[in-house]
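In: using only what follows, build the 3D model:
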Amino acid sequence: LTEQYRMHKDIMAFSNRRFYDGLLKASPEAADRRLQLETPGKFQTILDPKHPLVFVDVDSDLPSTRTNQAEAELIRELVDTLQTSSPETRVGVISPFRAQVRLISSLLGHPHAGVDVDTVERYQGSERDVIIVSLVKTERAGEFLSDPRRLNVTLTRARTKLIILGKVSCLEFDPMFREL
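Out: This is a model prediction of the structure:
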């Protein structure tokens, strides 16, 4: 694989450096693909089409192992905003933990029209216009989040917008997330 047709060049940049030795190129039609969005409301900074890759530091002091209520509630609000502002946009939500997938699905009233919520493993081979990633962890990244293959799959499913939710103070100790 030397040319990819899925994602914006900024979304592919980390995976290209980390996993493809800089040899991967975005096709002309994918390289500058942007989210088409009308008024994004209070999430203007997060949903700004000029920034295809966004990390959101979710401040949650509740210790968590497999769920994060603050991330799940933010996802519900982001999905509602996306569906109002850009109803044709296909949205996906990825989390490494089934418990978080269940929590997000229950908040969205799953099945939520046009939104797929699932684990990293089940997203293999899939793509959506917008992917929101819920990393869940608040204390330490742990081995599961540090798995390079899972991280690569997670980061390469979005076509126009990749939103990663996590806690910086937790993730900054993991070398791979620092590089991201």
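
In: low-confidence ranges in the chain?
Out: Filtered on pLDDT under 70, the chain yields the residue ranges 39-40, 61-64, 110-113, 138-146.

In: go through it and flag its longest helix.
Out: helix 69-85 (DSSP state H).

In: what are the bridge partners for the residue nearest to residue 12 when sequence neighbours are not counted, then?
Out: Leaving aside its sequence neighbours, residue 12 sits nearest to residue 26 (CB to CB, 6 or more residues apart in numbering; 5.8 Å). (Each C-beta comes from the backbone N, C-alpha and C, glycine too.) Residue 26 has the following beta-bridge partners by DSSP bridges: residue 4.

In: pull the contacting residues for residue 26.
Out: Contact analysis of residue 26 by CB atoms under 8 Å, 6 or more residues apart in numbering lists 3, 4, 7, 8, 9, 12.

In: can you count the residues close to the residue nearest to the first one when sequence neighbours are not counted?
Out: Read it as residue 3. In space, and not counting its chain neighbours, residue 3 is closest to residue 25: 5.0 Å by CB to CB, 6+ apart. A count of nearby residues for residue 25, using other CB atoms under 10 Å, gives 16.

In: next one: residue 98
Out: Residues lying near residue 98 (other CB under 10 Å) number 14.

In: what's near enough to touch the closest residue to it other than its chain neighbours?
Out: The shortest distance from residue 98 to any non-neighbouring residue, by CB to CB, 6+ apart, is to residue 119 (6.0 Å). Shown here is residue 119, whose contacts under the criterion CB under 8 Å, 6+ apart are 94, 95, 96, 97, 98, 101.

In: correct me if wrong: residue 127 contacts residue 160.
Out: No. Between residue 127 and residue 160 there is no contact under CB atoms under 8 Å: 10.3 Å.

In: which residues are in contact with each of the two?
Out: Counting by CB under 8 Å, 6+ apart, the shared contacts of residue 127 and residue 160 are residue 7.

In: show me which of those two is the more surrounded one.
Out: With neighbours defined as other CB under 10 Å, residue 127 and residue 160 compare such that residue 160 has more, 24 against 15.

In: can you map out the helices along this protein?
Out: According to DSSP H, the chain carries its helices in the segments 9-19, 28-31, 44-47, 69-85, 98-108, 120-123, 142-145, 148-155, 168-171, 175-179.

In: residue 57: which of the ones you listed is closest?
Out: Proximity to residue 57, assessed across these by CB to CB, is greatest for helix 168-171 (4.6 Å).
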